[in-house]
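Engineer: how would this look folded up:
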Amino acid sequence: MNAQDRGPASSSNLQILVVDDEANIRKTLAVCLETGGHKVLGVSNYQDALAEASRRSFDLAFVDLRLGTEDGLDLIPTLLSTSPWLKVIVITAYASIDTAVEAIRRGATDYIPKPFTPAQINLAVEKVFERRTLEQKIAALQEDLGREHPEVDFSTTSPTLQKAVNMARQVAKSEATVLLRGESGTGKSVLARAIHGWSHRAGKPFGSVSCPAFSLELLESELFGHTKGAFTGAVRDNPGRIAACEGGTLFLDEVSDLPPSLQPKLLRFVQDREYERVGDSLTRKADVRLIAATNIDLEQAVKEGRFREDLYYRLNVIQIELPPLRDRVDDVPGLAERLLAFHGRRNHRCGLTFTAAALAALSRYAWPGNVRELSNVIERAAILCRADRLGPECLPAGILPAELSVAIGDPVTLDKIEEQHIRRVLAKAKSLQQAARTLGVDQATLWRRRKKYRI
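Structural biologist: Sure, this is the predicted structure:
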């Protein structure tokens, strides 16, 4: 969530909209609120309120229940659709339990009957300020998470990825089992965690199990848990990942590698949310949402008898396909620069940039390992390349186009070999003086070579 999405920056001076058809109420509230240092704008009707909310960003709105012939309750959801962060306090001379309940149901934060005192208003505003501050701190922490995990970035010009992310946001609010499909490194685990974060389960645990990473016995124990003495080495009870994710989400990565003997047990859990621990006959239940991922054709695995058809259909309620990086080439430069900023910060090398030639080389490569491979290549370059502007010489030879990757004996001119050698020495040298010493030339000669080759 960016700053624009969050609304106004955190401040003790709130931007407040007062919507009341009585001029005296608007004036009284304005005096009370402005005395507290807040900025207040008063309007008398529904249309003016919407017009101001579309032009300016407010933290709080006081809305009268009756606005002439219009119902103030109808204004609440409309205002919130325009400004989701807005807090609404209903004020009315016609207070009743029913209207209070209806106001809260439509999205109001508080409800104050008329006549009110300045103390009541100040207390309500203080509560709103505390809540807004907390929300903005949470949003800041979410942005920090994105900086700590640079692949958590769904900015894209690819219609396919946009469709996938939009679908993920939509299904996140449901309880449906989701099957993520895509090549290794396309971000399936990242999207699974995002779906959890967008869901109502976000405050509960998120667990991840890589099915190929465990043997049959260990995978069953990892998923369902075991009792002490259930097998050799089981020296204590293990509740398992399912129990650990109670109320949250469990991500099964590369579910196609689930052993055939475990597939019926997983099917039972998907259907009934029931399971037993290894070595225990007690049937347990768990409220856990499942998200599965695969990088192979599961339909073909079903045809070949390697994957149960009924389990496939249970997992494949909502299918989301993540495109490979080679199919969204236009995303590569922006993604590469964001990854470079991240790895630069983490390795105490802020301010690193790519040359146009380096970005062009990155865009031309097919990226069989997708975003994960791109991240690894850029991390390596951020660590090993000593220049502040990273050119093609800072990239592994394997990803460079043929014209940018040359070696002694290749059918190229001496100038091309000299250019590549100078580029690579400059990339590793800590200074121009050190590079000149390595090349065996003086700094003036090196300067002329750099000008010649536009380095």
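Engineer: and the protein, what are its domain boundaries?
Structural biologist: 3-144, 159-323, 327-453 (automatic domain parsing).
Engineer: reformat the ones you listed as CSV; add mean neighbour count.
Structural biologist: Where you see a C-beta, it was placed from the backbone N, CA and C, and this is true even at glycine. Shown next, in CSV, are the domains of the chain (neighbours: other C-beta atoms under 10 Å):
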stretch, mean neighbour count
domain 3-144, 17
domain 159-323, 17
domain 327-453, 16
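Engineer: dump those domains into JSON lines; add mean pLDDT as well.
Structural biologist: Formatted as JSON lines, the domains of the chain follow (pLDDT from 0 to 100):
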{"stretch": "domain 3-144", "mean pLDDT": "82"}
{"stretch": "domain 159-323", "mean pLDDT": "91"}
{"stretch": "domain 327-453", "mean pLDDT": "84"}
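Engineer: residue 213 and residue 374, how far apart?
Structural biologist: 23 Å (C-beta to C-beta, to the nearest Å).
Engineer: swap in residue 262?
Structural biologist: Relative to residue 374, and taking C-beta to C-beta, residue 262 is found at 34 Å.
Engineer: kindly report the same for residue 69.
Structural biologist: For residue 69, the distance to residue 374 - C-beta to C-beta - is 60 Å.
Engineer: tell me the contacts of residue 399?
Structural biologist: 361, 362, 365, 377 (C-beta atoms under 8 Å, 6 or more residues apart in numbering).
Engineer: show residues contacting the strand or helix carrying the last one.
Structural biologist: It stands for residue 377. Assessed by DSSP states H and E, residue 377 sits inside helix 370-384. With contact meaning C-beta under 8 Å, 6+ apart, helix 370-384 is reached by 150-151, 183-187, 324-325, 332, 335-336, 339-340, 343-344, 347, 349, 352, 362, 367, 369, 390, 394-396, 399, 427-428.
Engineer: would you map the strands across the stretch 1-150 of the chain?
Structural biologist: Listed in chain order, the strands of the stretch 1-150 of the chain (DSSP state E, counting those that start in this stretch) span 15-19, 39-43, 60-64, 66-67, 70-71, 87-92, 110-113.
Engineer: need these in JSON lines (columns: distance to residue 257).
Structural biologist: Putting the strands of the stretch 1-150 of the chain into JSON lines (distance: least, C-beta to C-beta, whole Å) gives the following:
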{"stretch": "strand 15-19", "distance to residue 257": "54"}
{"stretch": "strand 39-43", "distance to residue 257": "59"}
{"stretch": "strand 60-64", "distance to residue 257": "53"}
{"stretch": "strand 66-67", "distance to residue 257": "62"}
{"stretch": "strand 70-71", "distance to residue 257": "58"}
{"stretch": "strand 87-92", "distance to residue 257": "48"}
{"stretch": "strand 110-113", "distance to residue 257": "53"}
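Engineer: of all these, which one is nearest residue 101?
Structural biologist: Closest approach to residue 101 among the strands of the stretch 1-150 of the chain is made by strand 110-113 (9.0 Å; C-beta to C-beta).
Engineer: which residues in the stretch 351-455 of the chain form strands?
Structural biologist: So, for the stretch 351-455 of the chain - with DSSP E, counting those that start in this stretch - the strands run 353-354, 389-390.
Engineer: you'd agree residue 46 is up against residue 70?
Structural biologist: Yes - here residue 46 reaches residue 70: they are 4.7 Å apart, a contact under C-beta atoms under 8 Å.
Engineer: ok, so what distance separates residue 204 from residue 317?
Structural biologist: 20 Å.
Engineer: re the thing from before, which one of the strands of the stretch 1-150 of the chain lies nearest to residue 300?
Structural biologist: It is, among the strands of the stretch 1-150 of the chain and with distance given as C-beta to C-beta, strand 87-92, at 52.8 Å.
Engineer: direction included, what does that closest one pair against?
Structural biologist: Its sheet considered, strand 87-92 pairs with strand 60-64 (parallel), strand 110-113 (parallel) by DSSP bridges.
Engineer: now find how far off-centre the longest one is within its chain.
Structural biologist: To tie it back to what came earlier, the one meant is strand 60-64. 33 Å (C-alpha atoms, centre = their mean, to the nearest Å).
Engineer: just the residues contacting that strand, thanks.
Structural biologist: Contacts for strand 60-64 (C-beta under 8 Å, 6+ apart): 14-22, 25, 29, 49, 53, 72, 75-76, 79, 86-92, 108, 125, 128.
Engineer: try the shortest one
Structural biologist: Under the contact criterion C-beta under 8 Å, 6+ apart, strand 110-113 has outside partners 87, 89-93, 95, 99-100, 103-104, 120-121, 124, 127-128.
Engineer: make it 10 Å
Structural biologist: 60, 62, 65, 87-97, 99-104, 120-121, 123-125, 127-128 (C-beta atoms under 10 Å, 6 or more residues apart in numbering).
Engineer: kindly report the same for stretch 294-312.
Structural biologist: 179-186, 188, 211, 252-258, 260, 262-268, 270-271, 292, 313-316, 319, 322.
Engineer: measure residue 331 to residue 160 for me?
Structural biologist: 11 Å.
Engineer: element containing residue 292?
Structural biologist: Residue-wise, residue 292 maps onto strand 289-294 under DSSP H and E.
Engineer: tell me which strands that strand pairs with, and in which orientation.
Structural biologist: By DSSP bridges, strand 289-294 pairs with strand 178-181 (parallel), strand 249-253 (parallel).
Engineer: look up how far residue 58 lies from the residue nearest to residue 26 when sequence neighbours are not counted.
Structural biologist: With sequence-adjacent residues excluded and distances taken as C-beta to C-beta, 6 or more residues apart in numbering, residue 26 is closest to residue 42, at 3.7 Å. Distance of residue 42 to residue 58, computed by C-beta to C-beta: 12 Å.
Engineer: any shared contact partners between those two?
Structural biologist: With C-beta under 10 Å, 6+ apart as the test, residue 42 and residue 58 both reach 16, 17, 49, 52.
Engineer: my guess is the last one contacts residue 46. True?
Structural biologist: No - the pair residue 52 and residue 46 does not pass the contact test of C-beta atoms under 10 Å, sitting 11.3 Å apart.
Engineer: joint contacts of these two?
Structural biologist: residue 19.
Engineer: which ones are touching the closest residue to residue 175 other than its chain neighbours?
Structural biologist: Leaving out its chain neighbours, the residue that sits closest to residue 175 by C-beta to C-beta, 6+ apart is residue 289, at 6.2 Å. By C-beta under 10 Å, 6+ apart, the contact list for residue 289 reads 172, 174-178, 195-196, 199-201, 204, 206, 245, 247-251.
Engineer: check contacts around residue 18.
Structural biologist: Taking C-beta under 10 Å, 6+ apart, one finds 25-30, 33, 40-44, 49, 60-64, 89, 91 in contact with residue 18.
Engineer: how about residue 248?
Structural biologist: Residue 248 neighbours (C-beta under 10 Å, 6+ apart): 196, 199, 201-207, 286-289.
Engineer: ok, which pair from these is furthest apart?
Structural biologist: 202 and 286 (17.9 Å).
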